[in-house]
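Chemist: Quick one, fold the following:
(2 chains)
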Amino acid sequence: MKTIKDVAALSECYDLLIIGAGPAGLAAAATGAELGLSAVLVDENPAPGGQIYRGITTTPVTAKETLGADYWRGTDLVRSLEASKASYAPGATVWSVGPAPDSPDATGGMEVGVSINGAARVIQARQVIAATGALERPFPVPGWTLPGVMTAGGAQIALKTSGLVPDGKVVVAGSGPLLYLLTAQLRAAGAKISVMLDTTPLENWGRAIRHAPDFLRSPYLSKGLKLLLGANRGMRIVRGVKAISAHGDNQVTSVRFRHGSKEEELPCDVLLLHQGVVPNINLANAVGCALDWDEDQLTWVPQTDDWYETSVKGFTIAGDGAGIAGAEGAALRGRLAALGAGHRLGRLSAQERDRTAAPVRAQLIRASRGRRFLDVLYQPAKAFRVPTADDTIVCRCEEVTAGKLRETVALGVSGPNQMKSFLRCGMGPCQGRLCGLTVTELIADARGVSPGEVGGYRLRPPIKPITLGELAALPKTPAAIKAVER
Amino acid sequence: MFRRLPDLGGETVTFTIDGHPATARLGDTVAAALLASGIQSCRTTPVSGAPRAPYCMMGVCFECLVTINGIGNRQGCLIPVAEGMVVETQKGARSIASELPAKGDAA
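Modeler: From the prediction side, this is the model:
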């Protein structure tokens, strides 16, 4: 592996450029390099691992049982990248991907804008694999913008990278298997969590039960039982929570919640929220990939073929970015995506590709078993996706509330893009990452139509902030100079 | 809000937050270092002036925007803290005026 520390060290053109060093990206880069492709893995974080294996090469939390065996499984993925001929660029932000103006051949070359440490460069890649992973589903409740309220995943990252644990009166709230995992990891590390507010709708069990047979045969069963039993020890769990709000002046000091017919208020210094993860589709959206609304996962999922190539030729999405399937599945999908790209680049025949892929696909089927049960069981309640209280902030950046959005729908604003021009929602620095799903679902609910019909924000590059200085310092092509010459 | 686990070892880095000296563990991001230092908020919003603190720690929410070595709107959760780094909490929108070179400086 060659580590790249500044944009000048990048090549002009790669066969394969992979974005994101989580399980999918690590596996794709190593597989691509094994096929003899010139491969570069660019990642925003200072060290490999993505979020699930965050800090795996650097974490100070070295007692194996704290983060658990599943976390340490990521070590093998990093080792196979290190042993490969791939290049790896940490601390590198991709802000644009588009078709290359002078495509080097007919494979659909792409042009990729990358910044490292304040310097930008545009390079070419014959194939791009976006392994942009997942992010936590927005959890818009009153007071969720107060300091002291953060995502449970955020607290887990602070633990993995820096050995930090939340302190004081800590409350975790939400639903999903990851909530239980994160809570177990934080507690194993020494955090005192006083209460867990479980928002899983009890009625979900009725719909989930028909998917139970697969779940019962999956490794998720024993993992889940262990987490549930552990959670019941030494921590109060309130189930069937229907409403949550955070309170305080400049910092959260209490959390209010409703369960059954009871309202309760508890003092709270740190409130950790989590209600599942959704694909991070910002890049795919800006590239122009066709996206579908997934009725089970309640999110946008890019359309992909058997090799995860999207509707945009040469642009592939591997891992949770193409629909949530978990870390093990992500690594397998990364390998399949690289095999697909390798075939399109002429490195291996369709037969060789299919033969190599067959055992990977078999593993993927095993790794995905039981997920549908989890998807349906942990589908978050509508009240936590479409806030009922009008003063709840939906767009954190521009501070646009649910009430304001509903009023504006009533004026005849029918979709998220028109909503931007009325309210600026989705136009702050996060570019809709934290409000996109909520705005779509809220408009759909107010209009009485499906989210798929309402659509989502249309995004454009740069998908990450880049300074004017960086843009101005880019070399200009003759075509670009001609375009502004008078 | 957060505390550091005991006996982690590792090297220490010294930096400043709004002019006050602080220490972090080498490998911390700026946002983690701020959480460990017990700061309550890292910025106020340009819209209402409400205080905000790191929320996602993975580069998607942009709540941890701070001024680092004089440059505003930096994502604290993506930038490793470095020896001698000057970190300032950001009040409202990034101020371009304060970042421009003073008159007479070479451009």
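
Chemist: Is residue A:330 located within a strand, as I assumed?
Modeler: No. Looking at residue A:330 with DSSP: H, G, I helix; E, B strand; the rest coil, it is helix, so not inside a strand.

Chemist: now the residue lying closest to residue A:424 once chain neighbours are set aside, what's its secondary structure?
Modeler: Spatial nearest neighbour of residue A:424, chain neighbours left out: residue A:398 (4.4 Å); criterion: Cβ to Cβ, 6 or more residues apart in numbering or on different chains. Any C-beta I mention is one placed from the backbone N, CA and C, and that applies to glycine too. Look at residue A:398: counting by three-state DSSP, its state is coil.

Chemist: So residue A:398 versus residue B:75, what's the distance?
Modeler: According to Cβ to Cβ, to the nearest Å, residue A:398 and residue B:75 sit 18 Å apart.

Chemist: Have a look at the two and say which one is more surrounded.
Modeler: Between residue A:398 and residue B:75, counted using other Cβ atoms under 10 Å in any protein chain shown, residue B:75 has the larger neighbour count: 25 against 20.

Chemist: Name the residues of the stretch 251-400 of chain A found near chain B, please.
Modeler: A:251, A:269-270, A:280, A:396-399 (Cβ under 8 Å from any Cβ of the partner chain).

Chemist: just those now: which is nearest chain B?
Modeler: Minimum distance to chain B across these is 4.5 Å, recorded for residue A:399 (Cβ to the nearest Cβ).

Chemist: ok, residue A:33 to chain B distance?
Modeler: For residue A:33, the distance to chain B equals 26 Å [Cβ to the nearest Cβ, to the nearest Å].

Chemist: picking up where we left off before, now the residues of the stretch 251-400 of chain A next to chain B in a markdown table, with pLDDT?
Modeler: Putting those into a markdown table (pLDDT from 0 to 100) gives the following:
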| residue | pLDDT |
| --- | --- |
| A:251 | 97 |
| A:269 | 97 |
| A:270 | 98 |
| A:280 | 97 |
| A:396 | 98 |
| A:397 | 97 |
| A:398 | 98 |
| A:399 | 98 |
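
Chemist: Report the contact partners of residue A:254.
Modeler: For residue A:254, the contacting residues are A:246-248, A:265-268, by Cβ atoms under 8 Å, 6 or more residues apart in numbering or on different chains.

Chemist: err, residue A:215, not the other one
Modeler: Residues near residue A:215 by Cβ under 8 Å, 6+ apart: A:221, A:369-370, A:373-374.

Chemist: In CSV: these, plus distance to residue A:442.
Modeler: Converted to CSV, the contacts of residue A:215 look like this (distance: Cβ to Cβ, whole Å):
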residue, distance to residue A:442
A:221, 36
A:369, 34
A:370, 31
A:373, 28
A:374, 25
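
Chemist: In TSV, list those along with neighbour count.
Modeler: Shown next, in TSV, are the contacts of residue A:215 (neighbours: other Cβ atoms under 10 Å in any protein chain shown):
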residue	neighbour count
A:221	14
A:369	17
A:370	22
A:373	23
A:374	21
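
Chemist: Produce a ChimeraX select command limited to the buried residues of the contacts of residue A:254.
Modeler: Typed into ChimeraX, the line below selects the buried ones among these, using 16 or more other Cβ atoms under 10 Å in any protein chain shown:
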select /A:246,248,266,268
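
Chemist: circling back to that earlier point, return the closest of the residues of the stretch 251-400 of chain A next to chain B with respect to residue A:467.
Modeler: residue A:397 (18.7 Å; Cβ to Cβ).

Chemist: Can you pull the phi and psi angles for the closest residue to residue A:445 other than its chain neighbours?
Modeler: Nearest residue to residue A:445 in three dimensions, chain neighbours excluded: residue A:386, at 4.9 Å (Cβ to Cβ, 6+ apart). Dihedral pair for residue A:386: phi -120, psi 100, per degrees, to the nearest 10.

Chemist: ok, now how distant is the nearest residue to residue A:289 once chain neighbours are set aside from residue A:304?
Modeler: Nearest non-adjacent residue to residue A:289, counting by Cβ to Cβ, 6+ apart: residue A:310, 4.0 Å away. Here residue A:310 is placed at a distance of 6 Å from residue A:304 (Cβ to Cβ).

Chemist: who touches both of the two?
Modeler: Common neighbours of residue A:310 and residue A:304 (criterion: Cβ under 8 Å, 6+ apart): A:316-317.

Chemist: All good on my end, thank you.
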